[in-house]
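Asks: 3D, please:
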Amino acid sequence: MGRVGGASLIPARFLLMLAHFVVAVCAFFEKDALVQACDRVDTTQDDTRKDELLAALILTMICFGVEFASFFSGVSMFNNPISILSIVCHAAGALAFSFLIIDTMCSNESIWYIWAFCSLLPVLYEAALLYVVFVKKIDT
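Replies: Numbers count the residues shown, from 1 in each chain. Alright, predicted model coming up:
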């Protein structure tokens, strides 16, 4: 049995980022249905819920743009700690967004917790790595 190295982290990271992205796109296209499903629970916050869901999904897409750019440029592709963090966060994000779509979690806070842990955390580490590589000119 061989040791799990960085070469096996690259496809796992790519596939989990892609899975999280696809589920987020599905949630983006189903946002009206998600809001209507939550309408049965609480009809007073329909516009607020839709606006918050839209804002969180747009911020998620922006985070994906930064992450995919950093990954495909090769800056963070071979960085094992960032790859492991990305794998964990995107696996949790894909599952959380799936539960959001299937079970229609109707709390306004849940979408922000998903965004903070599953999208913001990896992109902050990506941004820090980009800063270290391109501004500080330190080879990682």
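Asks: quick one: residues in contact with the particular helix or strand that has residue 97 in it.
Replies: Following DSSP states H and E, one finds residue 97 within helix 80-103. Helix 80-103 is contacted from outside by 6, 9-10, 12-13, 16-17, 19-20, 23-24, 26-27, 30, 34, 67, 76-77, 105, 110-111, 114, 117-119, 121-122, 125-126, 129, using Cβ atoms under 8 Å, 6 or more residues apart in numbering. Placement of C-beta: from N, CA and C, glycine included.
Asks: if we use 7 Å, what do you get?
Replies: Contacts to helix 80-103, defined as Cβ atoms under 7 Å, 6 or more residues apart in numbering, come from residues 6, 9, 12-13, 16-17, 19-20, 23-24, 26-27, 30, 34, 76, 105, 111, 114, 117-119, 121-122, 125-126, 129.
Asks: and the buried ones among those residues, selectable in ChimeraX?
Replies: In ChimeraX, a selection of the buried entries from the contacts of helix 80-103 looks like this (16 or more other Cβ atoms under 10 Å):
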select :9,12,13,16,17,19,20,23,24,27,30,34,76,105,111,114,118,119,121,122,125,126,129
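Asks: sorry, back to before: next, the buried residues of the helix holding residue 97.
Replies: 82-83, 85-87, 89-94, 96-97, 100-101.
Asks: having no further points to raise, I will conclude here.
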